[in-house]
Structures are given as C-alpha cells and as structure tokens.
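Trainee: Below are the sequence and a predicted model for it; my questions follow.
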Amino acid sequence: MKIGIYFCNCGSNISDKISAEAVTEAVLSFPEHPYVTIIGFICSEDGKAEFEESLKRERPDRVVVAACSPRDHESTFRRCMANAGLNPYLMQMVNIREQIAWVTEEPAIATEKAIRAIRGAFFRVRLQEPLEKKQLETCPDALVIGAGPAGMKAALSLAEAGRSVVLVERTPFIGGLPVRFEELFPALECAPCMLEPLMGDLLHGDYAERIELMTMSELVEVTGFYGNFIAKIRQKPRHVSLHDCIGCGECVEACPATSMNEFNSNASLRKAIDFAFAGVLPNAPFLMEEICVRSRGEECRACKDSCPMGEDVINLEEVETIVERRVGSIILATGAGLYDASRVAGIGMGTLPDVYDALQFERMLSSTGPTGGEILTKGGNAPASVAIIHCVGSLDEAHIPYCSGICCQYAFKFNHLIMAKNPETRITHYHRELVLPGKEAQTLYHHAAHNKNSRMKRYDGIKDLKITQDDNGGLNVNAKGEASPVDMVILCPAVIPAEGAGTLSSKLDVSCDSFGFFRELHGRMDAAQSTIKGVYLAGSCQEPMDIRTAMLEGMATVGYTLAGLQPGRMIEIEPISAEVDETHCSGCHLCISVCPYRAISFDTERNVSSINAVLCHGCGTCVAACPSGAITGHHFTNAQIMAEMEGVLK
Amino acid sequence: MTSEKGFEPKIIGFLCNWCSYAGADKAGGMQVPYPPNVQVIRVMCSGRVDPQFILSALVKGADGVIILACHPGDCHYKEGNCRALQRHSMLNLMLEQLGVEKERCRLDYVSAGEGEKFNRVIAEMVQSVRMLGPLLLTPENRAQVICLDEQFTEC
C-alpha cells in the first residue's frame, strides 16, 4: 500500500517547533515506506495545487496530511483528494499546529509528539475505507398540521414557492384561536380583518390550488422519514361540500335540532347543521352528527331539501375516510390552549357565575360571539366593576411553573376594550408579575395605568386570592384581608399545549418537554425544528407565543423546507454513519434505546436492528453500546481507533 | 516520554469533535503551553468512546486516559455525553478491581470556548498521573485486561 505523508510548515507556525527533517527521518522506520512531501502553506492556492499535482503524480492509496486542525481544513483537503481522483475518505489529518506546535514549549518534545500523532494517523489511514455519499430522491411537498396563524402562514408561503401543501385542521374552520377574537394586542387590530387576507389567499388566492385543506381532520399515522414521509389522515364527515357550498345558511334555518355551541364557549345555541360562528372561513356550515335527529333514527332531510345549490352539496351519508399523502416535511402548528382554571382552588372557575377565563371573555367581546360583543353579566347588565386576575396557575410549582409571556398584554387589552364600551367600569388588575416585553407592549399598559378607574394590585401567590359569593349573590375578591365587591371576574390562565399534542408526539416520535410542548432540536439555534429530522415546529405548540412570533416561526419552517428539499434535487446522505451487521446482531434493542435520533428501527421478521442512514447523524453512540460488536461506525471503526491508539503509543 | 526530570506519563485523550476538540483548538489559538503528554484521538462524540478503548489503551502502554466531552445539556448529539458519563462510572468500578487508580481514567467537560479550561484540565491530569507513577498491573490483572481487550478485538 502506497501512503503519502504531506507535511505543512504553515510558514513558520509549525516549522518553528516541529522539524520536518526529523519527521521525514522518523517516517523512514514506518512500515510500507511512505513518501513524505513538505509544503510551505498547503491550504494556500499554490499549496493546494502542489498537493493535488503530487497526488495525481504519485497516486497514493492513502494520504496523511499533517497540518492544522481538521476543523479548519479537513473539507478543503477532502476536496483536493476528490479533484485528484482519489476517494476523499482515504485521507487522515493530523493536527500538529493548534494541538502541538502552538502549545508545546520545547521543539524536540513537540517534534516527538508530532511523530507519534503522525504514526497514529498513518496506522489509522491504512484501515480507512473509501466512502461514498449516497443520494436519495425526495418529495418537496409538505404536510402542515394546524390552520392557525403559524400553519396558515407556512402553508401559503410554501404554496407561493411552488410546493404542494396538505393543510390538516382539526376544527371545521381556519384561523386558529385569534380568528375567534375581536381585537388583538398590541395595536387593537380587528383579528378577523387582520387574518382575512391570509385566509382569503389560502382558500381562493393565486396559489390556493396547491393547498389541499382538510378540515375536521387529524393525523392517524406517519411512516417513512425526512424527504419521504407517508402520512395517513383521518377526515371526519362534514356532510357539506366545501367546494360547492355558497354559505347562504338556508340549511341552518331549516334544521330542527339545536344544542350548545362549543365555539362560543357553550354560551349560545347552534343547529345540528350550522356555522361554527358567524363569518367563519371556509364559509360553509358543518353537520354535527350527534345533534342531528337522524342520529336518533328519525328520518329528516330538511337541510338537504332547503339547499338552493342542489342535491350534491349536502351529503347525509358521508362517512369518515382515511387518505394517504406523500410529503417531504411535516410542519406542526397545533397551537395552544389555556390551563383549566377550575384546577386552581378558590377562584370560582366553573362554580361561581360571571367568572370567565380569557377565551370565554374573548368570545364575549367578539361581535360574532354569544352576546354580540356586549359585556354582560349573567343577569344581563353591564358590570360596574371587573377584576382581571393575571398569572392564574402560572409561576406556580403546584400548577404551571413558567410565565406564558402574553397574558399581561391581553389583560390590558381587555382593560382597554371594557373601558371603550363602558367608560365608568372600575377595573382591578390582580397580578403576581407584570411582563410586558418588546417595543409595543407598554402602550396598552400605560392606558390602563393612567386611567382613573383602573387599579393594579400585586398578590404573592394564588392562594392569597379568594373569589367568594355573598348572600345576595354578589362576587367578592378577597386579597390581603380586604374584600372587594365585583360584578365580573376574568381569569388569565397559563398557556399550555393544545389538546392532543401528546398523542401527536407519539405518532411522530417527536419529543415533548416537561410541560408538554414539542421540544426543539436546539432552543436557540434551531427552535423551529423538532428532534425528528424533517418535522418542524411553528407557533405556540413549541412554547407560548404571540401571533407575530407564531407567524415568524411559520416562515422559519418554510425556510427549512425550501432549503432542505428542492424539486429534482437529491438529498445527500453523509457516509459517516453507522451500519448494523445483521449476522452479528443479537436483537437486544440496546442501540435503539441509546440513539438520540430514532434512526434505528427493529426488523421483527429478521429479528435485527436496522439503521436509517438518512436519520443517522454519525455520533457512534450505538457503536459503543452494541454488546455484540455488530455495529460499524463508518470512518470511526473500532479497528481504526485502535490502530490510531497503537500508533501514538508505540 | 521520559525526561531527566523523571517519569513522564503517556496519556490518551479522547476528545469529542464539537466541544472539547474545538476547546483544544481554542487553547492552541491562545498559544499558552501545556504539558505534551496527552496524545489526542478525535471522535465525533464522547458517546463513541467504548470502555474497551480505555482498557486497550492501558494495555498498549498508556498510563492514563482522559475523556473530554461537551458539558451536560450541550452535547451536539443531545445525550452522547450522558452515555459517556454512565460508561465512565461503570468502568471506574471495574478498573478499581483491576488495581487501576481512578485518577488514571478521568472524564471532564470542555466547551468549544474553554481554551483555558482545556489547558488546566490537561495540566491537572498529567500532574495527577505523574504523581501516581507508571501504570503497573499485576500479572494477573494484566492478563485480565488483555483478555478483555482480546475479546473486544475479536468482535
């Protein structure tokens, strides 16, 4: 085997401490008589040319480059190898600059250490094997789960970029939580108006054809991996064709069955076939089978008969279907919900009248809500005094330890909106902390702080607050021994992951943090990537956030998809990965338990583990863990590492 | 590596590519000398370090082995350093039975920015092994280590 050793003087950076002549002499005693070439600056343009020329002339089987850190120039010299027609992985670098010349005082000792390191690399490189980057075809399209701000933004932007998108939404409508709100912090924009252009483009814009919207749907199962996922989606029957319905509402009028409307916090009635709320998009009602009289065996086709668009719009026989879609990436945008305030003792949620959580109050404020936007107590009067309680269940080890970061802002929005409707209302904010970050959040706070009818009261822990009802039915907020009568209480509970996030995480193998939010690949560097390659996180499924940040995260996931998956471009699979030798695998599953990337699966038929090279990051943890020695870590094999050790110790 | 000053230990250092190897490069950039006794073997992750590498190093003539990893929570591969820690604790129990002092096998954490810490940890390691003297295994223990090493080489 012909081996070339290339020694870089790095000007005098290396040669001041390490003698090329002494190295050359020492190499004479190595087996197989390698040749030594000394180059002044191997990374310079001249140096690289000289290196490549020499490689072409000598045609070595293996190459050692003794120079700087491989973290600087390993890829440079691998390219030189490839340019000279040699396999880049047949080269081993020795870091004689950063880790020897620059840190060793005596030249003789530095030279001796360098010779050892070069001998190690020499022994190692003899065992190195040619490796090839494999390529794999991919699908450039995406599945987006959740049609709130983050999911809509991602879906539309991907469609604009020419990608096909499957947009799966659990509810019958798009727009997420904020579309149910009247106005938004910090600028009191009308929420439906703000979202309308985005929703309009998504449904009927120039790129809408590329977006397949599935409402009332959920993910059932995902197989495959980055670039090649197969998603199974369950679509519940809407019984109304989104394509043909014109949203006239004739069927709603005709429907004989009623029930409470969950999208109005169960504070108003709906028909069996009805819109979720007025102005909802897509502008089509849906039939709730459990309310429909047909579910009780009665014959009824009032809705179908009333439809002016013909027989085909309403399909009473429609059943649940499961469809399969192939996508390259998956964007999770499943949003958030509120901590159940009834779990916090003593504040009256669910037990006292006129105690509302923030979502219920948002609906009350909404012109499409149960009171048409009027702020009314159960008795039908405008409240003369309101208590807004911040930090409900937040910053509390017994409930939710974190601060959700958005509640103070909407609490002061509530203040502003209540004052706008009823300027004489007395409002007291009870808070543990006030959190108002960023350049815009102070405005609404100042409005409240400078209003003569508003007060701020700080409390230490939620246990110090008690909401009680007196004999006349009036509410009292008891804090620090003082009872304040109020007509209405609004609770601002902690923001928590949306229902179903846990089930979704197990379907996708995506990890969750201790709070149940999807865990980021890296909290700062890659906050919009999950722990599974090709599964991205947008919006408040990752942590509590405002609409602005959710939209930005939606765009971030688009960036990952567009950068990683391009039509016609194969993805390259890094050859430094692990591989199972099936003949040695005992089927113990240990490798599966240590792999941080879920790259290893178990083939139950053959009773062996198998590593997906696309998902493997090449860390080698499984290689070290395998008790049967059945896993090879390419480019870092046991034999290579042992040989290097032997070389440096000799 | 024996100088006129007396015993100079041979030490193998397993450095993970992302944090400690980068930390060693940082120490290089600072150009502050440290003892030359540690020969570095680069691995992608400290989780790659098989306990048998360490046994093998001791048989092949190393007086000590140091594994340097990313700080807990900072592992480039998420949790490889936790595996390294688990294996290190287990191996130390075994080494003790074979008469190898625990100071000869050290695990520590050096981040990519901690050039000074790298310098210090290397100096400490070299000094502590220097104090212990050359690794002398009883013929019996040596045979056991070789046996373990050979079992490994076979598979």
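Mentor: Sure, I can see it.
Trainee: quick one: residue A:418 is in a helix?
Mentor: Yes - applying DSSP: H, G, I helix; E, B strand; the rest coil, one finds residue A:418 inside a helix.
Trainee: so it makes contact with residue A:384?
Mentor: No - at 11.2 Å, residue A:418 and residue A:384 do not qualify as touching, with contact defined as CB atoms under 8 Å. The C-beta positions use only the backbone N, C-alpha and C, and glycine is treated the same way.
Trainee: who's more crowded, those two?
Mentor: Set residue A:418 next to residue A:384 and count neighbours by other CB atoms under 10 Å in any protein chain shown: residue A:418 wins out with 24 against 14.
Trainee: So for chain B, which residue is the most central one in space?
Mentor: residue B:66 (1.6 Å; CA atoms, centre = their mean).
Trainee: what secondary structure does that one sit in?
Mentor: Applying three-state DSSP: residue B:66 is strand.
Trainee: Can you spell out which residues form a bridge with it?
Mentor: residue B:13, residue B:106 (DSSP bridges).
Trainee: Show the contacting residues for it.
Mentor: Shown in contact with residue B:66 (CB atoms under 8 Å, 6 or more residues apart in numbering or on different chains): B:11-14, B:38, B:105-108, B:121-122, B:125.
Trainee: rerun that using 6 Å as the cut-off
Mentor: B:13, B:106, B:125 (CB atoms under 6 Å, 6 or more residues apart in numbering or on different chains).
Trainee: Also residue A:557?
Mentor: A:154, A:331, A:528, A:536, A:538.
Trainee: Strands - which of the residues you listed land there?
Mentor: Judged by DSSP state E, strands contain the following of those: A:331, A:536.
Trainee: so who does residue A:94 touch?
Mentor: Contacts of residue A:94 (CB under 6 Å, 6+ apart): A:66, A:117-118, A:121.
Trainee: list the buried ones in the helix or strand it falls within?
Mentor: Per DSSP states H and E, residue A:94 falls inside strand A:91-95. Neighbour counts over strand A:91-95 (16 or more other CB atoms under 10 Å in any protein chain shown) mark A:91-95 as buried.
Trainee: Can you lay out those as CSV showing pLDDT?
Mentor: Formatted as CSV, those follow (pLDDT from 0 to 100):
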residue, pLDDT
A:91, 98
A:92, 98
A:93, 98
A:94, 98
A:95, 98
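Trainee: Is the residue lying closest to residue A:455 once chain neighbours are set aside part of a helix or strand, or is it coil?
Mentor: Leaving aside its chain neighbours, residue A:455 sits nearest to residue A:428 (4.7 Å; criterion: CB to CB, 6 or more residues apart in numbering or on different chains). Put simply, residue A:428 is strand when judged by three-state DSSP.
Trainee: Could you report the neighbour count for residue A:428?
Mentor: 20.
Trainee: Pull the number of nearby residues for residue A:184.
Mentor: Quick note: residue A:184 (other CB under 10 Å) scores 21 neighbours.
Trainee: next one: phi and psi at the closest residue to it other than its chain neighbours?
Mentor: Closest residue in space to residue A:184, ignoring its immediate chain neighbours: residue A:191 at 5.0 Å, by CB to CB, 6+ apart. The phi and psi torsions at residue A:191 (degrees, to the nearest 10) take the values phi -60, psi -50.
Trainee: Can you verify my assumption that residue A:191 contacts residue A:178?
Mentor: Yes - contact criterion CB atoms under 6 Å: residue A:191 and residue A:178 qualify, at 4.8 Å.
Trainee: higher neighbour count, those two?
Mentor: Between residue A:191 and residue A:178, counted using other CB under 10 Å, the more crowded position is residue A:191 (21 against 18).
Trainee: okay, the more buried one: pLDDT?
Mentor: pLDDT for residue A:191: 93.
Trainee: Likewise for residue B:153?
Mentor: 54.
Trainee: Now tabulate the buried residues of strand A:91-95 in a markdown table and tack on distance to residue A:276.
Mentor: Listed next are these as a markdown table, based on distance: CB to CB, whole Å:
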| residue | distance to residue A:276 |
| --- | --- |
| A:91 | 63 |
| A:92 | 64 |
| A:93 | 62 |
| A:94 | 67 |
| A:95 | 63 |
